[in-house]
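# A structural model of the following input is requested.
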Amino acid sequence: MALPHHQELRRKASLALRSGDHASALEVYLQLEALEPDDPTWLERAGRSLLELGDGDQALTRFTRALELQIDAGEVLAAIATCQQILEIEPDHPATLDCLHLLYTEPGGPETAPRTAPAIETGADDFSMPQNPRAPFEELELTEVIPGSRGVQLGDGDPRRVAEIPLDETGSGLDPLGELDVDLVDAVHASEPLHAGGTGVTALPSATDDLVESPVASRELADIPLFGSLDAATLHRLMALVSVVRIDEGETLFREGEAADCLYVVVEGAVIPIAEGPPRTRMAVLEKGEFFGEAGLVTNQPRNATIEALVDSRLIGMDRELMWSLIRGRPEMSKVLLRFLRQRLIDRQISTHPFFAAFSRADRPSVARQFRFLEVQDAVPVLEQGVPGEGLFVLLAGTMDVEDDETDKLLGSLAPGDVFGARSAARDEFARASVVADGKCWVLVLEKARLRRILGANPRLDRHLKSLIDDGELGPFGL
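Have a look, this model is predicted:
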């Protein structure tokens, strides 16, 4: 059966791009532009092909028209990305700088648009910052940055050496235990895609209207956790400094195991994070307004998933240097990043670890919120051999040594993402080895009382966990 004409043209353009034939791709995009003159997609893609062919003037014309259509259609994130693309061609393009300013101007604010995009201003130097602007965020001392931290005692340890970092707006962020009801499901369900909903779009007025009285970007971006706490001026400066990345359907942005130092926001299209396994598992579908790659900002660990484009997609990229400047001016951004890093890491464990695979999809968010975020200083024992463990732990950042105290031998080490302590916490057994922080670490913990309360309310889950323990499938070193 023949493909519909538009679909056939899209296929031809995709094939031309993959073979590097930008002239043929441009020809197809011009046909699509004629068929769908009000769709900014074809103008924007024609502009990209024109750039590849060295015609910056015509590319600029296409991008400018695409921007007008995006504004009319209320496609705020796409409009921001197109503004950035125009500024890469002509950094002082007046109309585009005006557009960025008007998108972020609050009602009653100044009506004169700035003609430059200054660097993000920094706040008071009231916490230590690394000298290297591309250092991972794990070098932050969170007790200095996030207010409300409190000491936590693990075993007989010094509570001054372990701090709980409050990441949720309500304090601990723990759901009342009585409200958590979890059911066991077939583990095969854990490998199915998790479809995440996209962000709703607030309609922009016509490009000829007075945008100063309609801070649409602030309203729409407020729905994106990464941007919601930023004021209009900071958003304006940030968006003038980001990069725009495009990936075609089926193309890989990066692979699990590669070096990481950049966070991405989906502007257009959708991407899929994949755990390479085995088995190879699609963990979610990330759509417009959602972000990923924050783990690469926080630690020096490599990418923990492969990212592939589900459809032709456009992304905004922000590297460590840019995000450090943002955190310096707005320390609360570290709280936003870490809150979602916690959620993402637990999501990954829920999708791939045999213990979490036992929870139904509907219950997983509630389980994730039960985990507390701890900052553990160097040489602090999180699990002590011969003593019952405090809970189920997930190492978020840093490394930990596994030691046999009886023989004084180093058994190995734990890396970010490793789960430990389930055996001791679930069975109230003595820990078989000690786990000690090798440098400062960030750790998530599901306290023993909460874990056992969940198990007590779900006998099938309790039996499942005991089976995993008996079969040695819980993680490194049988912890």
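# got the domain boundaries for the chain?
If the domains of the chain are taken from automatic domain parsing, they occupy 5-104, 193-330, 361-478, with pieces of a single domain joined by a plus sign.
# and those as a markdown table, adding mean pLDDT and distance to Glu139?
(Each C-beta comes from the backbone N, C-alpha and C, glycine too.) What follows is these, written out as a markdown table (pLDDT from 0 to 100; distance: least, CB to CB, whole Å):
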| stretch | mean pLDDT | distance to Glu139 |
| --- | --- | --- |
| domain 5-104 | 86 | 29 |
| domain 193-330 | 73 | 10 |
| domain 361-478 | 84 | 9 |
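# so which of those is nearest Arg134?
Set against Arg134 and scored by CB to CB, the domains of the chain come closest in domain 193-330, at 4.8 Å.
# mind listing the helices for the stretch 1-150 of the chain?
Taking DSSP state H, counting those that start in this stretch as the criterion, the stretch 1-150 of the chain contains helices spanning 5-18, 22-35, 40-52, 56-73, 76-89, 94-104, 142-145.
# buried sites along stretch 133-148?
Of the residues in stretch 133-148, those scored as buried under the neighbour-count criterion (16 or more other CB atoms under 10 Å) are 135-140, 142-143, 145-146.
# would you format the residues you listed as CSV with pLDDT and distance to Cys262 included?
Putting the buried residues of stretch 133-148 into CSV (pLDDT from 0 to 100; distance: CB to CB, whole Å) gives the following:
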residue, pLDDT, distance to Cys262
Ala135, 77, 14
Pro136, 74, 12
Phe137, 71, 13
Glu138, 74, 16
Glu139, 76, 17
Leu140, 75, 18
Leu142, 78, 22
Thr143, 79, 27
Val145, 73, 21
Ile146, 77, 23
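# just give me the closest of those to Asp261.
Minimum separation from Asp261 among those (CB to CB) is found for Pro136, which lies at 8.0 Å.
# okay, strands next: where are they in the stretch 201-350 of the chain?
Listed in chain order, the strands found in the stretch 201-350 of the chain under DSSP state E, counting those that start in this stretch are 243-247, 252-254, 262-268, 271-275, 281-282, 291-292, 306-309, 313-319.
# how about Ala397, what does it touch?
Shown here is Ala397, whose contacts under the criterion CB atoms under 8 Å, 6 or more residues apart in numbering are 136, 138, 298-299, 301, 416, 441-442.
# try it again with 7 Å
Contact criterion CB atoms under 7 Å, 6 or more residues apart in numbering gives 138, 298-299, 416, 441-442 as the residues in contact with Ala397.
# please save the CA atoms from the host helix or strand of it in CSV.
When secondary structure is defined using DSSP states H and E, the element that contains Ala397 is strand 391-404. Taking Å, rounded to 0.1, in the frame of the first residue of the first chain, the C-alpha atoms of strand 391-404 are listed here in CSV:
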residue,chain,number,x,y,z
GLY,A,391,17.3,0.2,55.8
LEU,A,392,17.5,-0.4,52.0
PHE,A,393,20.1,1.9,50.5
VAL,A,394,20.7,3.2,47.0
LEU,A,395,24.1,4.9,46.3
LEU,A,396,23.4,8.1,44.4
ALA,A,397,26.9,9.7,44.1
GLY,A,398,30.4,8.8,45.2
THR,A,399,31.8,5.4,46.0
MET,A,400,31.7,3.1,49.0
ASP,A,401,34.0,0.3,50.2
VAL,A,402,32.7,-3.1,51.2
GLU,A,403,34.9,-4.4,54.1
ASP,A,404,35.1,-7.6,56.0
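# name the helices or strands packed onto the helix or strand immediately after that strand in the chain?
Sequence order places strand 409-414 as the next helix or strand after strand 391-404, per DSSP H and E. Using 3 or more CB pairs under 7 Å, 6 or more residues apart in numbering; DSSP states H and E as the contact criterion, the elements in contact with strand 409-414 are strand 391-404.
# quick one: the strand it packs on to strand 409-414, angle?
Taking axes from the mean of the first three to the mean of the last three CA atoms, to 10 degrees, strand 391-404 and strand 409-414 form an angle of 140 degrees between their directions.
# how about the helices of the stretch 1-150 of the chain in a markdown table, adding distance to Leu395?
Compiled in a markdown table, those are given as follows (distance: least, CB to CB, whole Å):
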| stretch | distance to Leu395 |
| --- | --- |
| helix 5-18 | 40 |
| helix 22-35 | 46 |
| helix 40-52 | 42 |
| helix 56-73 | 42 |
| helix 76-89 | 34 |
| helix 94-104 | 39 |
| helix 142-145 | 16 |
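# out of these, which comes closest to Gln377?
Distances from Gln377 to each of those were compared using CB to CB; the minimum, 9.8 Å, belongs to helix 142-145.
# just give me how far that closest one sits from the chain centre.
Counting by CA atoms, centre = their mean, to the nearest Å, helix 142-145 is centred 21 Å from the centre of its parent chain.
# Tyr264: neighbour count?
Residue neighbour count, defined by other CB atoms under 10 Å, stands at 25 for Tyr264.
# wait, it touches Asp319, no?
No. The pair Tyr264 and Asp319 fails to qualify as a contact (CB atoms under 7 Å) at a distance of 10.2 Å.
# closest one to Pro273 among the helices of the stretch 1-150 of the chain?
Distance to Pro273, taken as CB to CB, is lowest for helix 76-89 among the helices of the stretch 1-150 of the chain, at 19.4 Å.
# look up how far Arg450 lies from the residue positioned nearest the centre of the chain.
Among the residues of the chain, Phe292 comes closest to the average C-alpha position under CA atoms, centre = their mean, at 3.0 Å. Going from Phe292 to Arg450 by CB to CB, to the nearest Å gives 28 Å.
# repeat that for Ala433.
Taking CB to CB, one finds Ala433 at 23 Å from Arg450.
# next: Arg320.
When distances are taken as CB to CB, Arg320 and Arg450 turn out to be 34 Å apart.
# how many residues are close by Ala25?
24.
# picking up where we left off before, reformat the strands of the stretch 201-350 of the chain as CSV; add distance to Leu26.
As requested, those are exported to CSV (distance: least, CB to CB, whole Å):
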stretch, distance to Leu26
strand 243-247, 15
strand 252-254, 24
strand 262-268, 19
strand 271-275, 25
strand 281-282, 33
strand 291-292, 31
strand 306-309, 21
strand 313-319, 18
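# relative to Gly412, which of those is closest?
Relative to Gly412, the nearest member of the strands of the stretch 201-350 of the chain by CB to CB is strand 271-275, separated by 22.4 Å.
# and the closest one, how far out from the chain middle?
Computed by CA atoms, centre = their mean, the separation of strand 271-275 from the middle of its chain amounts to 12 Å.
# burial of Pro459, as a residue count?
Other residues lying near Pro459 total 10 when counted by other CB under 10 Å.
# next, count neighbours for Arg453.
Taking other CB under 10 Å as the neighbour definition, Arg453 ends up with a count of 15.
# and the angle for the strand or helix carrying it with strand 391-404?
Taking DSSP H and E as the criterion, Arg453 maps to helix 448-457. Orientation of helix 448-457 against strand 391-404 (the same axes, to 10 degrees) gives an angle of 120 degrees.
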